[in-house]
Structures are given as structure tokens and as C-alpha cells.
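Student: show me the folded form of this:
(2 chains)
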Amino acid sequence: DSGVTQTPKHLITATGQRVTLRCSPRSGDLSVYWYQQSLDQGLQFLIQYYNGEERAKGNILERFSAQQFPDLHSELNLSSLELGDSALYFCASSVGTAFTEAFFGQGTRLTVV
Amino acid sequence: KNQVEQSPQSLIILEGKNCTLQCNYTVSPFSNLRWYKQDTGRGPVSLTIMTFSENTKSNGRYTATLDADTKQSSLHITASQLSDSASYICVVSSPNDYKLSFGAGTTVTVRA
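Tutor: Residues are numbered from 1 along each chain as shown, chains lettered A, B, ... in the order given. Purely as a prediction, here's the structure:
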């Protein structure tokens, strides 16, 4: 158990809908990272938050947004969902701003039908 | 073009045998290189992390090497076990970890 908690584990929704994925980082970790992993694809970095502020942005679509709350948990919001958004979404956390020893959660499997 | 290329894409080995996975990168400047193991449907788990000055690092039956001059790394699995069946991902970062580049991974299948 990495200490990073993601909910829900599975999510099935229809095209055009909006969903929210939640991530609770390890105790003491201030950084949260979000990644998308489509079928047979490598991990794609979406966005990083550090202590409530956006720190780095990757290939995140405009339909997607994220935030980190004062209690350091983070949410990834996906809207106007398309079939191609079906993927595993991983959250990782680390103590500082560096990814040095980030720990990954178990992921949320999103299926858009 | 991906700045981290892994090979082979997949491989099958018999239990007890050794295998070597390759990672070539073009990321520059370079800070460190990590190997992760990802079981199907699970989150990646860190195996090793190497900085510019490190050539070899071991974690049990896993040994990673790094040649920063040629921008190549390898992950050697010794005496493979069925539990080694997973995807192995190479991740290269630039200074301050501001930019991370992920390889597509090598899928290893160990058969009895």
C-alpha cells in the first residue's frame, strides 16, 4: 500500500457527462500529480499541484481541470467526456516539488460508453 | 517523438531465466532516471532511481545501469519469478523534476 488513496476505483459514465476523481496523498506529501494511461499507452502527465497551487502542466485537455484543497487532497474534473477519455487515471504524491520518490495510487479506471 | 524509447516492447521468458530491458533517452538536460514496475491495473512502483553520477543500482534481483554519455539505461532481471510479470517503465527527468518523460514500457511475461 503506497499510502496514496484514489476514489472511485472504477467509474462508468456516458459520453458528454462530467466526473470527478479524487486523490488523497500520503500523509506529509505536499505535491500531487495526475497521470492518464490509455490502453497500451504509456503514462501521460496531466498536471501537478504543490501545496494548493498549480506547479506544472502537461498534456491536459481544456475539458479537464484539477485543484488541490487546503487539506491537500486533489480532485481531477473531466467534463464533456468522449469515448477516447476512457483510461486509467493515476495520482501520485511526493513530499516536495520534486518527483524524486513519488508514490502512485492504485488508479481510477474510467470507462466512457 | 517520445524522448524516452524502451525496447523490446514485450518479451516472454521462462521462470528462472534472466532478461535485460533497454531504455534510450534524449532528454536534456538530464537529472535522474527511474525504473518502475507496474502490475496490470495497478499503480507503478519505484524500483530504482539513478542520478548522473551513478552507473549501477540494485534492488534485489533487479539491477539498473546507466550510461549518461550515451544516454542509455538497462534493467536486468535475474532469476525471474512469475511475480516479475509486469510492465517496466523508464522515466527520465530534467533538473528540478520540472519535466518528466515516460517510456511506453516493456511488458514482461514470465512463464513456468
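
Student: which residues of the chain score low on pLDDT?
Tutor: Went with chain A since none was named. Counting by pLDDT under 70, chain A shows low-confidence ranges at A:40, A:100.

Student: chain B was what I was after
Tutor: B:1-2, B:96-99.

Student: what sits against the residue in it positioned nearest to chain A?
Tutor: Residue nearest to chain A within chain B: B:Gly43 (3.3 Å; CB to the nearest CB). Bear in mind the C-beta positions are built from the backbone N, C-alpha and C, glycine included. By CB atoms under 8 Å, 6 or more residues apart in numbering or on different chains, the contact set of B:Gly43 is A:Ser2, A:Val4, A:Phe90, A:Ala92, A:Phe104, A:Gly105, A:Gln106, A:Gly107.

Student: let me know the helix or strand that it is in.
Tutor: Using DSSP states H and E, B:Gly43 sits in no helix or strand.

Student: quick one, phi/psi of it?
Tutor: phi -80, psi 150 (degrees, to the nearest 10).

Student: point me to the residue of chain A nearest chain B.
Tutor: Closest point on chain A to chain B, by CB to the nearest CB, is A:Phe104, at 3.3 Å.

Student: number of residues surrounding the residue lying closest to B:Asn32 once chain neighbours are set aside?
Tutor: Of all residues not flanking B:Asn32 in the chain, B:Thr51 sits nearest, at 4.8 Å (CB to CB, 6 or more residues apart in numbering or on different chains). Look at B:Thr51: counted by other CB atoms under 10 Å in any protein chain shown, it has 13 neighbours.

Student: B:Phe30 is in contact with B:Thr51, correct?
Tutor: No - judged on CB atoms under 8 Å, B:Thr51 makes no contact with B:Phe30 at a distance of 9.0 Å.

Student: who in chain A is up against chain B?
Tutor: A:2, A:4, A:41-45, A:56, A:88, A:90, A:92, A:97-107, A:109 (CB under 8 Å from any CB of the partner chain).

Student: rerun at 7 Å
Tutor: A:2, A:41-43, A:45, A:56, A:90, A:98-101, A:104-107 (CB under 7 Å from any CB of the partner chain).

Student: distance between stretch A:35-54 and the chain's centre?
Tutor: Its chain's C-alpha centre and that of stretch A:35-54 lie 6 Å apart, by CA atoms, centre = their mean, to the nearest Å.

Student: circling back to that earlier point, distance of the residue nearest to B:Asn32 relative to B:Arg34?
Tutor: 10 Å (CB to CB, to the nearest Å).

Student: most neighbours among the contacts of B:Gly43, which one?
Tutor: Busiest of the contacts of B:Gly43 [other CB under 10 Å] is A:Gly105, holding 28 neighbours.

Student: quick one, what contacts it?
Tutor: A:Ser2, A:Val4, A:Thr5, A:Gln6, A:Cys23, A:Phe90, A:Cys91, A:Ala92, B:Gly43 (CB atoms under 7 Å, 6 or more residues apart in numbering or on different chains).

Student: B:Ser46: helix or strand, and which one exactly?
Tutor: Going by DSSP H and E, B:Ser46 is in strand B:45-51.

Student: check which residues of that strand are buried.
Tutor: B:Ser46, B:Leu47, B:Thr48, B:Ile49, B:Met50 (16 or more other CB atoms under 10 Å in any protein chain shown).
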